[in-house]
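Student: give me coordinates for this.
(2 chains)
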Amino acid sequence: MTTFDADGVTLERVREYVWEIPQEEGMRVPARILASEALLEEISEDKTIEQIKNTTHLPGITNHAICMPDGHQGYGFPVGGVGALDAEDGCISPGAVGYDINCGVRMMRTNLTYDEVQGHEEELVDSLFANVPSGLGGGGIVEAGVDTVDEILARGVDWALEHGHAVEEDLLHCEDEGMREGADPDKVSQKAKDRGKNQIGSLGSGNHFLEVQRVTDVFDDEVGAAFGLEEDQIVVLIHCGSRGLGHQTCNDYLRKIEQQHKGLLDRLPDKELAAAPAGSQLAEDYYGAMNAAINFAWVNRQLIMHRTRKVFERVFDRSWESMEMDLLYDVAHNIAKKEMHTVNGAERELYVHRKGATRAFPAGHPEVPKAYRDVGQPVIIPGSMGAGSYVLRGGENSMDLTFGSTAHGAGRLMSRTQAKNEYWGGDVQQELEDQQQIYVKAQSGATVAEEAPGVYKDVDEVVRVSDELGIGDKVARTFPVCNIKG
DNA sequence: ATGTGC
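Tutor: Numbering: from 1, shown residues only, chains lettered A, B, ... in the order given. Just a heads-up that it's a prediction; the model follows:
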């Protein structure tokens, strides 16, 4: 048997791209890492393997704890992790959702071609930067009172539709149609709402960005046509989350769990995996609050997208409708959701935690929007600002292998601190412009250094593994034109 | 990710 030794843990190769940490004392199930050998080498350089192993100690964990090919170390649970925990006798874990609740991506199509945009890059990037709020702290597209925040938390993108920031079709092309059921605004703290009320419609910082891209390759003509993608077409990618509101919500519930469920906490190998037992009041409260924060993030991305339509109208002097600026899809990559899955022939309700992992439901699944039902759910995988991104579709094997999930990005190779030692923001920007005609504008040079292309894994390799495993199949590739970030 | 730790 082929094995891989990673700092005291021996992984067994089950088959190509599937590595397993066999069950040992304390582990309720084996752990799996889905990766090529090259990616596994990179994954083994931080605490990812130890973390995915720890995750198998969570009560109710089903089949395997799974790490995606873009996995890296996170808070307790690795980024790129999937954990399906029984919704009746398992638990729910804020650290397995992530601090940025409903961090996710949406892609908007246009009918513009790269030729039509060339020569306007600087005007476009300047106008986007001036009109889409970004960076740390406050200042959003909408400044709201607490009553409005409550409505956004309860209704999601439906609120944006009522207030002129969306059209009907935007809702249909969003995961959960832009409104997660079971949101309970009363379970989101006043402090979280105060942090969120002036951040509605703002990118934030870190790896969040808005990028104008051109489609360079369509690998599957049939699915590409269903997604409305063709070569040379201009698209817009928006990557952001729930800002301070989600962060505060995660923090609030981690502290409550530590106080109220210390018994469970003491039996876990890492305090950062803190979890509320299924059926407890706190599990219900966190689920209601998390669902509300999910809605907040969808409104956030919706407002940014709609503002982008207005920016394009000014730059290209045409209506956004005439440029066919329609939402292709919006998909979350930091969430937990109660879902029914077939486990050993039986239907079970599970809290599926996807942290840095994207839902990738296959063709025919009832939760795939009608327009895409026959081909599979669109999956958007952002790469670095120098590499471009991918659109995949949910693959045939995703329900069997990964509870309907795949990767979420390129995955970091080094810490933010290390990145700042290796790169200088201004140099990175200049190089992108001179060598690749990519125009980047950011609030902070440090952020550009932290997000330099060299700090990321090879997105082509991540997507290749997803495609080979049949969990998410390659549909199209994009390349950056211009990018704004915090 | 984040009013960059509570």
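Student: give me the number of residues near the residue in the stretch 351-486 of chain A that DNA strand B sits nearest to?
Tutor: Closest approach between the stretch 351-486 of chain A and DNA strand B, counting by C-beta to the nearest atom of the strand: A:Gly486, at 6.0 Å. C-beta here means a position set from N, CA and C on the backbone, and glycine is covered the same way. With neighbours defined by other C-beta atoms under 10 Å, the count for A:Gly486 comes to 24.
Student: A:Pro18 contacts A:Glu37, correct?
Tutor: Not Pro; residue A:18 is Val. No - applying C-beta atoms under 8 Å, one finds A:Val18 not in contact with A:Glu37, separated by 12.0 Å.
Student: of these two, who's got more company?
Tutor: The neighbour count for A:Val18 versus A:Glu37, taken as other C-beta under 10 Å, is higher for A:Val18 (18 against 12).
Student: bridging residues for that one?
Tutor: Counting by DSSP bridges, A:Val18 is bridged to A:Arg15, A:Leu34.
Student: spit out the contact partners of it.
Tutor: A:Arg32, A:Leu34, A:Leu469 (C-beta atoms under 8 Å, 6 or more residues apart in numbering).
Student: so it versus A:Asn344, what's the distance?
Tutor: 19 Å (C-beta to C-beta, to the nearest Å).
Student: please apply the same query to A:Lys271.
Tutor: Taking C-beta to C-beta, one finds A:Lys271 at 32 Å from A:Asn344.
Student: cool, A:Thr358 as well?
Tutor: 25 Å.
Student: comparing the two, which residue is more hemmed in?
Tutor: Neighbour count, other C-beta under 10 Å: between A:Thr358 and A:Asn344, A:Thr358 has more, with 31 against 7.
Student: number of nearby residues for the closest residue to A:Glu181 other than its chain neighbours?
Tutor: Nearest non-adjacent residue to A:Glu181, counting by C-beta to C-beta, 6 or more residues apart in numbering: A:Asn291, 7.1 Å away. Using other C-beta under 10 Å, A:Asn291 is surrounded by 28 other residues.
Student: how near is A:Asn291 to A:Asp330?
Tutor: 16 Å.
Student: spatially central, which residue of chain A would that be?
Tutor: Geometric centre of chain A, nearest residue: A:His333, 2.8 Å, by C-alpha atoms, centre = their mean.
Student: you'd agree that one is up against A:Val379?
Tutor: No - A:His333 is not in contact with A:Val379 according to C-beta under 8 Å; the separation is 9.5 Å.
Student: which residues do the two both contact?
Tutor: Counting by C-beta under 8 Å, 6+ apart, the residues touching both A:His333 and A:Val379 are A:Thr358.
Student: and the helix or strand where the residue nearest to A:Glu181 lies, is it in reach of DNA strand B?
Tutor: A:Asn291 is part of helix A:281-316, with elements assigned from DSSP states H and E. No - counting by C-beta under 7 Å from any atom of the strand, no contacts exist between helix A:281-316 and DNA strand B, the nearest distance being 9.2 Å.
Student: and that helix, which residues are buried?
Tutor: A:282-309, A:311-313, A:315-316 (16 or more other C-beta atoms under 10 Å).
Student: contacts for the following helix or strand past it?
Tutor: Proceeding N to C from helix A:281-316, the next assigned helix or strand is strand A:327-332, under DSSP H and E. By C-beta under 8 Å, 6+ apart, the list of residues contacting strand A:327-332 from outside reads A:102-109, A:169-170, A:173-175, A:178, A:227-229, A:235, A:294, A:297-298, A:301-302, A:305, A:354, A:358-359, A:369, A:372, A:377-380, A:391.
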